[in-house]
Every structure is written in structure tokens, then in C-alpha cells.
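Enquirer: curious how this folds, go ahead:
(chains A and B)
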Amino acid sequence: NAGVTQTPKFQVLKTGQSMTLQCAQDMNHEYMSWYRQDPGMGLRLIHYSVGAGITDQGEVPNGYNVSRSTTEDFPLRLLSAAPSQTSVYFCASSSGTRPLHFGNGTRLTVT
Amino acid sequence: GQQVMQIPQYQHVQEGEDFTTYCNSSTTLSNIQWYKQRPGGHPVFLIQLVKSGEVKKQKRLTFQFGEAKKNSSLHITATQTTDVGTYFCAGRGGSGNTGKLIFGQGTTLQVKP
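Expert: Next up is the predicted model:
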């Protein structure tokens, strides 16, 4: 039972580069979300999805795109990385209003 | 938009002392969840409160949901070194399954042995 799988675990990008953070869950959860964690800022919601084909913006969506073509996958795209996007990114999923299951996180550094 | 504020940001206690973290939302919540994150780890679910005025206990941890469903607290009695970590509250507004979950800033607890 893998739960929520995030890849990669670590990534270093140069300013302006693009990349996709992958997130997959095998629990048939309809709700998936992306958070970024910065010191003193807690967990801030970037984007979320309540089902395949449905996405919505969270608190800090600028600079990030998402799509939800399947129930299992919810990738997060950085089109043009900026140093301000240096952070730890967590993907999380849940069924309805039940607790979130988090992935192990991706530590991203943009130089 | 929905905001969830959590205080204090940091708390240092001597082992055996009590600890409390408070969570306040700008809007009425349908439910509130509490998570714990150990250093270097990911948040792990502790409990969910749904009803107005609800109180739940897990061993030394006591969770409360305010009557107006806009605030909550977590109280730890007689802290132990295993309690070290960051505690987050997360509020879900909206209705039913479509409400997004917004986290507070977290309270980082340090326990001196």
C-alpha cells in the first residue's frame, strides 16, 4: 500500500527552468492538493482538486499550474522557476472530508 | 478569503509542563483537523472535530472545538520529549466535500528533558 507518492525527493533548478513535481495516490481519493511549506509560514495551499477534470486555486497559486486527468495523479508544474519558489512541497489526498494523507515531500531549490 | 491563524509560533517547555496551542478562523468551519509534523517529516493526522463545542481526548492530548466553530485548541498535559514537533490546525470551510483545507502557521514545540 504505497499511499501518496511524490517524486522527486530533491530538485535543484536554475531561475527560468521548468519542471513538474509528480504526485500519485493509490487510495482512490477524490480530493488531492498541493501545499508549500516555508519557515514561519506553515502549509500554504497552492492548488487543489475535488475530482478528475476539476481543479481550483488555493492561497498561493501564482507561478504554478496543475491538471487532474485521472483520479490517481495530480502533477504540479512550474513553468518558469523563481528563487521565491524555493520551498518544500507536499502533495496530500483524502476521501471527502476525511483526514489528509501526505506524501514525503519534495525539497526544491531554485538558484 | 478563509484564513486560519495559530498561536504561538514557538513554545519551549520543560518536560512535564503543559502546552497549549490555539487556532482561530476568520470564517465558520465545517470541521477542523489537527496534524503533527516531526522534524524532517510530513504532517500526520491526529484528530478531527466536527461538532460545535466538541471535546476529544487522546491520552495526554485534549482537543476542543469552539461553540461558534471558529476556534480550536490543543492542550498537552505533562509534555514528554516525544511530543516535540510542529502542531498544525487545518480548517475546512465551505460545504460538504468541496471545502478546501486551510492550515494555520503551526506551533513548534520544543521540550527540554
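Enquirer: only C-alpha atoms for contact and neighbour calcs from this point on.
Expert: Fine.
Enquirer: assumed B:Gln110 was part of a helix.
Expert: No. Under DSSP: H, G, I helix; E, B strand; the rest coil, B:Gln110 falls outside any helix and is assigned strand.
Enquirer: chain A contacts on chain B?
Expert: Proximity of chain B to chain A, by Cα under 8 Å from any Cα of the partner chain, involves residues B:9, B:33, B:41-45, B:48, B:88, B:96-98, B:100-106.
Enquirer: so which of those are in helices?
Expert: The members of the residues of chain B next to chain A all map outside helices under DSSP state H.
Enquirer: contacting residues around the closest residue to chain A within chain B?
Expert: Relative to chain A, the nearest point of chain B is B:Gln105 (3.8 Å; Cα to the nearest Cα). For B:Gln105, the contact set (Cα atoms under 8 Å, 6 or more residues apart in numbering or on different chains) comprises A:40-43, B:4-6, B:9, B:88.
Enquirer: from those residues, which single one is nearest A:Asp26?
Expert: Top of the list for closeness to A:Asp26, among the contacts of B:Gln105 and by Cα to Cα, is A:Leu43 at 23.2 Å.
Enquirer: could you give the number of residues near that closest one?
Expert: The tally of other residues near A:Leu43 (other Cα atoms under 10 Å in any protein chain shown) stands at 23.
Enquirer: tell me which other helices or strands the helix or strand hosting it touches.
Expert: Here A:Leu43, judged by DSSP states H and E, is contained in strand A:42-51. Strand A:42-51 makes packing contacts with strand A:31-38, strand A:54-57, strand B:101-103 when contacts are defined by 3 or more Cα pairs under 8 Å, 6 or more residues apart in numbering or on different chains; DSSP states H and E.
Enquirer: related to what we said a few turns ago, most neighbours among the contacts of B:Gln105, which one?
Expert: B:Phe88 (28 neighbours).
Enquirer: spatially nearest residue to the residue in chain A that chain B sits nearest to (excluding sequence neighbours)?
Expert: Residue nearest to chain B within chain A (Cα to the nearest Cα): A:Gly42, separated by 3.8 Å. Leaving aside its chain neighbours, A:Gly42 sits nearest to B:Gln105 (3.8 Å; criterion: Cα to Cα, 6 or more residues apart in numbering or on different chains).
Enquirer: B:Tyr35 versus the one you found, what's the distance?
Expert: To B:Tyr35, B:Gln105 is 12 Å away according to Cα to Cα, to the nearest Å.
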